[in-house]
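Q: sequence first, predicted model second:
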Amino acid sequence: MTLRFKEDTNMNEPIISEILQDMLPVLDNSQLAKLKGVLEHKLWNAEIVYKTVEDSFDKSNEEFTELFISAKRVEGCSLKTLRYYLATINKMTNTVGKHITKITTEDLRKYLSDYHEENNCSKSNIDNIRRILSSFFSWLEDEDYILKR
């Protein structure tokens with residue numbers, strides 16, 4: 001989201017309402033009223049311009065994967081482990097054929113199911129792949145590259 005300032009606006013009411021709605025479970029009425037006042041004051045002269053998801057593809061799948069591998073290298077993973085992680089993630093991204101930020105849980109389940117059938121491998125092998133992918137997507141979420149859906 002990008003903020004631009006303009007002379008007069010009341011166009012921010014929808015975003016303010018969305019924020020207040022999201023905060024209902026954690027704030028009481030008095031806190032919500034205070035939050036509303038602060039948002040109205042701070043956003044009065046701001047124009048909010050929404051970006052599409054495609055606009056946020058600032059990194060390629062390969063760049064995300066390399067960042068993850070670098071993080072694992074810092075954690076002390078062996079070269080053999082890093083190579084296995086890299087090969088596993090690359091195989092998944094190439095097979096699924098989507099940008100990492102667009103891959104869903106359903107995509108991953110289908111990938112694992114298809115992989116199991118096509119390669120006739122053991123459940124422990126599939127579980128190893130699942131754990132690597134889980135670690136990768138958890139890292140992406142922790143680093144704020146993706147949102148938990």
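A: Sure, I can see it.
Q: which neighbouring elements make contact with the longest helix along the chain?
A: In terms of residue count, the longest helix belonging to the chain (DSSP state H) is helix 123-142. Using 3 or more Cβ pairs under 8 Å, 6 or more residues apart in numbering; DSSP states H and E as the contact test, the elements touching helix 123-142 are helix 61-74, helix 79-96, helix 105-119. The C-beta positions use only the backbone N, C-alpha and C, and glycine is treated the same way.
Q: domain ranges for this structure?
A: Following automatic domain parsing, one finds the domains of the chain at 2-50, 61-142.
Q: pretty sure residue 39 sits against residue 16.
A: Yes: the pair residue 39 / residue 16 is scored as a contact, 4.8 Å apart, by Cβ atoms under 8 Å.
Q: contacts only, for the closest residue to residue 86 other than its chain neighbours.
A: Spatially, and ignoring its direct neighbours in sequence, residue 86 is nearest to residue 69 (5.6 Å; Cβ to Cβ, 6 or more residues apart in numbering). Applying Cβ atoms under 8 Å, 6 or more residues apart in numbering, we find residue 69 in contact with 82, 85, 86.
Q: ranking the residues you listed by neighbours, who comes first?
A: Across these, neighbour numbers were computed from other Cβ atoms under 10 Å; residue 85 holds the maximum, 20 neighbours.
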